[in-house]
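Undergrad: Got a sequence here, can you model it:
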Amino acid sequence: MFFLLISVLQLSAADIITGAEQTDRYLSFLKGKRVALFSNQTGIVGNKHVLDVLLENGVNVVVIFSPEHGFRGTADAGEKVNSSIDTKTGVPICSLYGIKGGIPDAQTMKSFDVLVSDIQDVGLRFYTYYITMVKLMNQCAIYDKQMIVLDRPNPNGFYVDGPILDMKYKSGVGSLPVPVVHGLTLGELALMANGEHWLESNKACNLIVIACQNYTHQSKYALPVAPSPNLPNMKSIYLYPSLCYFEATPVSLGRGTDAPFQLFGHPDMKGYDFSFTPESRPGAKNPPQLGKLCYGRDLRNLSDSAIWEGKINLNYLIEAYRSVNVGDSFFTPFFEKLIGVDYVRKMIEEGCSAEQISKCWQKDIETFKKQRKPYLLYD
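TA: Reported below is the predicted structural model:
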């Protein structure tokens with residue numbers, strides 16, 4: 001396995017220091033090199049973007065790779081984003097969410113020597129940033145390029161839950177055999193992808209991880225920048241593991257409102273006091289149930305601790321399924337790609353409870369915790 005770990009320092013300070021903030025630990029690897037940067041609006045160092053920090057320190061950044069939502073993080077989910085030029089710095093931006101296969105071509109790969117990855121993930125198997133990172137690792141392994149991951153905390157890193165992905169459902173919203181909530185930082189996930197031979201090339205990426213300081217897997221880390229348009233705050237990020245499955249149903253989860261991933265509803269869910277109407281807005285130009293009055297639940301008043309205690313809470317999905325009452329047509333095939341297995345839909349349709357369903361993936365959790373242990377960087 002080819003990787004170098006820059007280990008965590010045992011400091012008494014309470015504040016978490018991200019990998020990107022530790023310039024003295026990675027700039028030396030970039031001196032005299034042509035550098036590619038994988039990042040978006042979350043790649044901040046204090047009040048600056050990591051791109052500006054690199055350029056100010058004389059680093060020769062030749063290309064920027066941007067993920068879903070684009071380099072500035074404003075595009076809709078799944079929206080194709082064209083390549084462009086960063087207007088502030090003049091560095092070319094290669095949009096990996098706008099090209100076939102989501103990978104740089106041979107000419108682009110040959111244009112740099114080392115790839116720096118600095119992006120904020122939220123720790124969910126269906127959140128696409130890690131998929132792009134792993135694809136870049138694979139390309140770096142093929143073209144013999146070094147990759148440096150500037151690690152950031154996982155805001156959902158304090159638990160593991162959900163079934164391990166059945167790889168027959170591998171897709172653009174799930175590419176590795178991990179639970180829905182894997183509890184790893186991107187640095188740890190990169191190490192695991194290398195160590196478990198998950199790269200498609202069956203090669204190892206020459207990997208350096210700049211670990212966070214003062215972070216543990218019990219840390220509750222509030223993100224300083226929204227990671228994508230429809231995860232605007234910590235409440236949405238904590239509810240995301242429980243509500244994302246509505247993407248594979250006719251039920252709105254609040255896209256097109258000021259509280260995406262914090263409420264859910266449908267025009268046929270009668271008997272609820274709460275209602276909302278999805279509208280077209282930046283980041284949600286054509287949301288489900290656009291312009292229709294939806295009835296349902298507002299979860300914004302839930303305490304964070306109540307959300308954490310529930311982990312993946314399928315009660316919301318089961319409630320909506322029974323309320324809309326359209327049978328199997330409630331689900332689209334996208335549901336299996338999100339949940340990662342075939343038994344959850346069947347159990348919901350058979351009338352099983354959320355507790356009965358979650359018991360089915362407990363062995364997956366224990367198996368994965370043992371499997372990931374060699375790659376953990378944090379207590």
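Undergrad: so what's residue 166 up against?
TA: Contact analysis of residue 166 by Cβ atoms under 8 Å, 6 or more residues apart in numbering lists 340-342. For the C-beta atoms, the positions are set from N, CA and C on the backbone; glycine is no exception.
Undergrad: ok, the closest residue in space to residue 249 that isn't next to it in sequence - how many residues close by?
TA: Leaving aside its sequence neighbours, residue 249 sits nearest to residue 330 (Cβ to Cβ, 6 or more residues apart in numbering; 5.5 Å). Residue crowding around residue 330 was assessed by other Cβ atoms under 10 Å; the count is 21.
Undergrad: surely residue 330 meets residue 250?
TA: Yes: under the criterion of Cβ atoms under 8 Å, residue 330 makes contact with residue 250 at 7.0 Å.
Undergrad: Could you tell me which residues touch both of those two?
TA: residue 324.
Undergrad: quick one: the residue with the largest distance to the centre of the chain and residue 131, what's the gap?
TA: In the chain, the residue that sits farthest from the middle, by Cα atoms, centre = their mean, is residue 271; the gap is 34.7 Å. As defined by Cβ to Cβ, to the nearest Å, residue 271 lies at a distance of 40 Å from residue 131.
Undergrad: What of residue 333?
TA: From residue 333 over to residue 131 (counting by Cβ to Cβ), the distance is 19 Å.
Undergrad: Give the residue from these two that has the larger number of neighbours.
TA: residue 131 (22 against 9).
Undergrad: now the more buried one, nearest residue through space, not along the chain?
TA: Nearest to residue 131 is residue 175, by Cβ to Cβ, 6+ apart, at 4.7 Å.
Undergrad: For the closest residue to residue 36 other than its chain neighbours, give me its contacts.
TA: In space, and not counting its chain neighbours, residue 36 is closest to residue 112: 4.1 Å by Cβ to Cβ, 6+ apart. By Cβ under 8 Å, 6+ apart, the residues touching residue 112 are 33-36, 62-63, 145.
Undergrad: hey, where'd the helices end up in the stretch 201-350 of the chain?
TA: 234-243, 304-310, 315-324, 334-339, 343-349 (DSSP state H, counting those that start in this stretch).
Undergrad: of all those, which gets the most neighbours per residue?
TA: helix 234-243 (a mean of 23; mean count of other Cβ atoms under 10 Å).
Undergrad: what is the rounded mean pLDDT of that helix?
TA: Across helix 234-243, the average pLDDT comes to 98.
Undergrad: Show the backbone phi and psi for residue 181.
TA: Residue 181 adopts backbone torsions of phi -110, psi 100, taken as degrees, to the nearest 10.
Undergrad: show me what contacts it?
TA: 123-125, 156, 159-162, 241, 311-312.
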